[in-house]
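K.L.:
give me the fold of what follows.
(2 chains)
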Amino acid sequence: MVALQILIDGFAISSLYALGAMGFTLIFGVSGVLNLSHGGIMVIAAVIGWLAAGDLGLGVYLGTLVGVIAGLIAAYVTYFVVILPIQRSKAIPRDENEIFILTGTLLWGIMIQVGLAYLFTDNPVTMRPLIDGVTYIAGVRVPKNEIMIAVICWVVIGLLWLLVNRTPAGKRLLAASINPRGLTLLGFDLSRIYFFVWGIYGLLAGVAGVLLASFLGVSSASAGQLTASAFSIVVLGGLGSVSGSLVAAYIVGYLETMTAYLIEPTLRPIPALLLLVLVIYVRPQGILGRR
Amino acid sequence: MTSLTRISAPRLPLLAGALLASVFGLGLAGPAHALGTIKIGVIGEDAAVAGTSITKAAQLAADEINAKGGIKGHKVEVITYDDHSSAADAVRAFQRAVNQDKVDAVIASYISEVALAIEPWSARLKKVWITPGAASTDISKHVHDDYAHYKYTFHGWLTSAFIAQSICDFSKDTLVKDFHMKSSVVMSEDAAWTTPLDARYLKCLPESGLKVLDHIRFNPDTTDFTPIYNKIEGEHPDVIITGISHVGVQPTVQWHDQRVPIAMAGQSSQATTSTFWKDTNGAAEGVITATAAGPGVAITPKTIPFIEAYQKKYGATPAYSGFSAYDDVYMLADAIAAANSSDGDKIVEQMEKTDYVGTIGRVQFYEKGNQYAHAMKYGTNYVSGTFIQWQNGKQVTVWPTNVANAKIKFPDFVKLPEQHAAK
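P.N.:
Numbering: from 1, shown residues only, chains lettered A, B, ... in the order given. Here you go, the predicted structure:
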């Protein structure tokens, strides 16, 4: 009974983790940016979605859409306001770009967090479930919304797979992540590819944020934790490896769920973090990392 | 040219002294001046439901007092600070209020950890302060243990022990008597205020007729309550008795979305404000919490006018801490005006004489020597709190019976003892 409960609960939360982390790793793989404002962008999507669904009276579906669009806009703002100026700055030495981007996005994330807390308090917001009610799977009571969330996550993951593997634009993404210089030599404009990948990232983070709000609830205070969890999943799976972060998301999700059910809810994040330390020692490139 | 060189040499030692004083909080109190405007510092938490009610309600009280010409001719000025739910920020705000803004007294925080951090500073700076929302019994215990030192602290909300007692009294009258409930699981967030709360729960719930099957303390950072509810459900209690204040939305929404078939009652501080319905998208339906006062219920003649004025000014009803913060401004202003001085000791003397009918009942403080020295007296003749339940988007008052305006009604998914038996 508990085993089944863990299986079902772990699946939903892992799918959400996967969605959040895949965008994060995609950005890193293609443009070399580690975006530490990731959690903040997810929270923006959640809060705006909640606002649109409730206060603006758009209902849960339109609200979800508005939230996802807010995530997309937040991602582009991050790119154009924080990342591009750093990359183009002549004052910053080229080989220090990465550390400046890390710092820049970290500060940006804190600004988002504090700003949202100021405007909307740090109380968690929750979206109304997409479908209300519960159902029983082999005797285990499961909110229908939880199933819906897992399904949406997998549809989006499937679409992402199709995009990357079956469309020309996706193939350019893949190429950019393997050898950006080669792509430039072939006459492709890297900035357009970056624009494209930030759009995908924004949509993924937006969907993950809104779904998380309807599943567990999200507050501005979650921003740091969400960034940290995406970061550890991505490091575990291998920086830049999309399929690696998919696998890692499920490992982390299930490890956490098992800890919460079998040992103690308070210790939930600990084993996953221990595993991360272990992986860094034994296999620093991550589970499916290339280098 | 650095700015230091601009300061003429003889003033340097003075400056250094002032710096040291502010660092170590020595509070070089100026000569006692004739009382003009009464200044009250109010430290709240703008980003938290209960914390933001404190500063808003205090401002409302000051505006009202001034509109009526002040107290004994003294206007009341409220200076607000945000401690961001951090004890360190709160201590800095307290120091600033006392040393820089020269307030006569301070109202601060709904968080026990914050209150306990401010307490020694009020002792060092000899400045009267009152907490309108923190609950830990340690706050008044310090006053009892070392009165000479800590007498500047007043506890303007029920202590955790009394909150727990009121929940036990409520349970006995309603859950046990009307709903034939026999067993409970205590579920509290891990925080300073819940330690004495839980201790009293474990003692008084069985006395009220509710056996305690399990005692769960969870991390306030918990986001997924499914495993906790799962565990509780396996133990088949009739009711979950809560002790939550820092969290509220997530456990409530997940309780509802997962249709956890167990009633929920106790102290759920966020559920005391009217925005909780919107915050939970209506998942609050059926939740019962102890609070200061329910809407539309006149505990005293001041209750309803206050709720209406607050709602008119801020668009939502106050959290429990708003009621007490509002009363605290009146009580402090009265005491300061009566002392006719900014002197901490004189204000303490006046505060100890407080006998004030506020929005939540009649307020008196336990005397020196009592184990709850300077805490609000608990009891039906004083302040006993009321119990509200969320029903169809509204807070209705369900206890004490003499002020109740509705009967307790649980959502469909909650299985009550009779239904268990019928199964």
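K.L.:
from here on, just use CA atoms for contacts and neighbour counts.
P.N.:
Will do.
K.L.:
for the stretch 101-250 of chain A, which segments are assigned as helices?
P.N.:
A:144-166, A:168-178, A:180-185, A:190-215, A:222-237, A:242-258 (DSSP state H, counting those that start in this stretch).
K.L.:
pick out the residue of the stretch 1-150 of chain A closest to chain B.
P.N.:
When scored by Cα to the nearest Cα, the stretch 1-150 of chain A has residue A:121 as its residue closest to chain B, at 3.9 Å.
K.L.:
nearest residue to that residue in space, please, no chain neighbours.
P.N.:
The shortest distance from residue A:121 to any non-neighbouring residue, by Cα to Cα, 6 or more residues apart in numbering or on different chains, is to residue B:47 (3.9 Å).
K.L.:
name the SS class of residue A:17, please.
P.N.:
What DSSP: H, G, I helix; E, B strand; the rest coil gives for residue A:17 is helix.
K.L.:
ok, now how distant is the nearest residue to it once chain neighbours are set aside from chain B?
P.N.:
With sequence-adjacent residues excluded and distances taken as Cα to Cα, 6+ apart, residue A:17 is closest to residue A:249, at 5.5 Å. Distance, residue A:249 to chain B, by Cα to the nearest Cα, to the nearest Å: 16 Å.
K.L.:
now do residue A:249, the pLDDT please.
P.N.:
At residue A:249, the predicted lDDT confidence score is 95.
K.L.:
what's near enough to touch it?
P.N.:
A:14-15, A:17-18, A:21, A:233, A:237 (Cα atoms under 8 Å, 6 or more residues apart in numbering or on different chains).
K.L.:
what's the most distant pair in those?
P.N.:
Pairwise distances among those were taken by Cα to Cα; the largest, 14.5 Å, belongs to A:15 and A:237.
K.L.:
out of the two, which sits in the busier spot?
P.N.:
Between residue A:15 and residue A:237, counted using other Cα atoms under 10 Å in any protein chain shown, residue A:237 has the larger neighbour count: 28 against 23.
K.L.:
wait, the more buried one touches residue A:283, no?
P.N.:
No: if you go by Cα atoms under 8 Å, residue A:237 and residue A:283 don't touch, sitting 10.4 Å apart.
K.L.:
what's near enough to touch residue 102?
P.N.:
This is for chain A. A:33-36.
K.L.:
let's do chain B instead
P.N.:
residue B:39.
K.L.:
how about it, secondary structure?
P.N.:
Once three-state DSSP is applied, residue B:102 turns out coil.
K.L.:
can you tell me which residues in chain B are near chain A?
P.N.:
Residues of chain B that fall close to chain A, judged by Cα under 8 Å from any Cα of the partner chain: B:46-49, B:218-219, B:222-224, B:227-228, B:231, B:249-250, B:253-254, B:257-259, B:278-281.
K.L.:
from these, which land in strands?
P.N.:
Within the residues of chain B next to chain A, residues falling in strands by DSSP state E are residue B:218.
K.L.:
may I see the ChimeraX selection of the buried members of the residues of chain B next to chain A?
P.N.:
Filtering the residues of chain B next to chain A down to the buried ones (16 or more other Cα atoms under 10 Å in any protein chain shown) takes a single ChimeraX command:
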select /B:46,47,48,49,218,222,223,224,227,228,249,250,253,254,257,258,259,279,280,281
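K.L.:
how far is the worst-scoring helix or strand of chain A on mean pLDDT from where the chain is centred?
P.N.:
Ranked by mean pLDDT, DSSP states H and E, the weakest helix or strand in chain A is helix A:180-185, scoring a mean of 84. Its chain's C-alpha centre and that of helix A:180-185 lie 28 Å apart, by Cα atoms, centre = their mean, to the nearest Å.
K.L.:
against which helices or strands is that helix packed?
P.N.:
helix A:168-178, helix A:190-215 (3 or more Cα pairs under 8 Å, 6 or more residues apart in numbering or on different chains; DSSP states H and E).
K.L.:
ok, for residue B:320, nearest residue in space, not its chain neighbours?
P.N.:
residue B:292 (5.0 Å).
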